[in-house]
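Here is my input, please return the structure:
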Amino acid sequence: MPSSLLWCLRITVAGQCLAAARNALFAGSEVNGWLFMVAEVPESVARLTDQVAAGLLLAVAASALLRPIRSLLLFNAAWMAAIAAAVFTNPGATVDWLAPTAHGVRFAAPLALALLTGPGAEGLSGGSARAKAALWVLLLGAAATFVAHGIEALEHYGRFVDLIIGSAKRWLDWSISQVLAEKLLTAIGVQELLLAALLLSRRWRWVAGWMAVWGLCTALSRMTAMGPGSWHQTLIRSANGGVPLALFLGWWHLVRPPIKNAKP
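The predicted structure follows:
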């Protein structure tokens with residue numbers, strides 16, 4: 001398995017875990033909010049859940065960089081899925097019903113890494129069952145996130161409008177009107193839906209490459225619009241670019257396994 005693919009996933013997982021741990025410790029996670037507001041558990045229990053999760057997430061981050069441990073990676077995937085479920089069942093915005101798909105890359109990254117590392121992963125070939133499963137996790141995760149973000153863009157989600165206006169003002173000193181920002185979002189939404197469709201149907205490497213570039217741009221837009229203090233909002237979205245980049249880096253091994261020469 002290409003080391004570049006594995007390191008891409010390892011860095012992506014470590015980044016999102018650091019940001020998720022920071023959110024759980026200092027701001028309170030979406031799971032905390034769901035436990036307290038929906039399940040009506042005591043605030044102290046919801047807070048303790050965040051503290052335990054933050055400790056485990058920090059362990060996942062360290063493990064991902066030093067020696068990936070499958071059980072910790074599965075916890076990371078489960079925690080990201082729990083956050084998506086909490087947003088879905090306790091929405092704060094009209095687009096929150098898309099959370100399970102919008103967050104697809106966040107649990108796809110640790111799941112794929114768990115499949116591609118650990119016992120029995122040495123010499124894993126692109127045609128093996130684990131490699132094929134990892135491929136589908138990455139493909140579906142990337143496509144799901146881009147579809148959800150495409151729908152949000154087409155609906156002119158207010159937060160996306162603010163990111164465009166804020167980034168243009170901070171970096172280019174341009175005053176973009178809301179009408180122009182919404183027109184840009186329409187074009188962005190069409191692009192993201194088209195990329196997701198092409199990734200699944202045509203399996204073109206350049207599509208994964210462009211999705212990686214665009215995913216990184218969308219993650220960085222939090223900092224370009226709101227400043228360096230929003231680093232954690234960028235880092236929690238590291239999989240937006242990391243998952244399609246992993247596909248791009250491992251394309252000929254996962255998506256297009258080399259054809260073995262037939263024996264004479």
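
in the stretch 1-150 of the chain, which spans are helices?
In the stretch 1-150 of the chain, the helices defined using DSSP state H, counting those that start in this stretch lie at 3-22, 30-37, 43-66, 70-89, 99-102, 104-116, 129-154.

Output these in TSV; the columns should cover mean pLDDT.
What follows is the helices of the stretch 1-150 of the chain, written out as TSV (pLDDT from 0 to 100):
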stretch	mean pLDDT
helix 3-22	97
helix 30-37	95
helix 43-66	97
helix 70-89	97
helix 99-102	96
helix 104-116	97
helix 129-154	96
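
now, of these, which is deepest in the fold?
Counting by mean count of other Cβ atoms under 10 Å, helix 104-116 has the highest mean neighbour count of these, with a mean of 27. For the C-beta atoms, the positions are set from N, CA and C on the backbone; glycine is no exception.

helices or strands up against that helix?
Helices and strands touching helix 104-116, by 3 or more Cβ pairs under 8 Å, 6 or more residues apart in numbering; DSSP states H and E, are helix 3-22, helix 70-89, helix 129-154, helix 238-249.

re the thing from before, dump the helices of the stretch 1-150 of the chain into a markdown table; add distance to Q178 as well.
Converted to a markdown table, the helices of the stretch 1-150 of the chain look like this (distance: least, Cβ to Cβ, whole Å):
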| stretch | distance to Q178 |
| --- | --- |
| helix 3-22 | 29 |
| helix 30-37 | 28 |
| helix 43-66 | 36 |
| helix 70-89 | 25 |
| helix 99-102 | 23 |
| helix 104-116 | 29 |
| helix 129-154 | 14 |
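
which stretch among the ones you listed comes nearest S230?
Among these, helix 3-22 comes nearest to S230, with 10.4 Å by Cβ to Cβ.

For G227, grab phi and psi.
phi 100, psi 170 (degrees, to the nearest 10).

what's the burial count for it?
Residues near G227, counting by other Cβ atoms under 10 Å, number 11.

The residue nearest to it when sequence neighbours are not counted: neighbour count?
In space, and not counting its chain neighbours, G227 is closest to R170: 7.5 Å by Cβ to Cβ, 6 or more residues apart in numbering. Other residues near R170 come to 14 when the count uses other Cβ under 10 Å.

Good, wrapping up.
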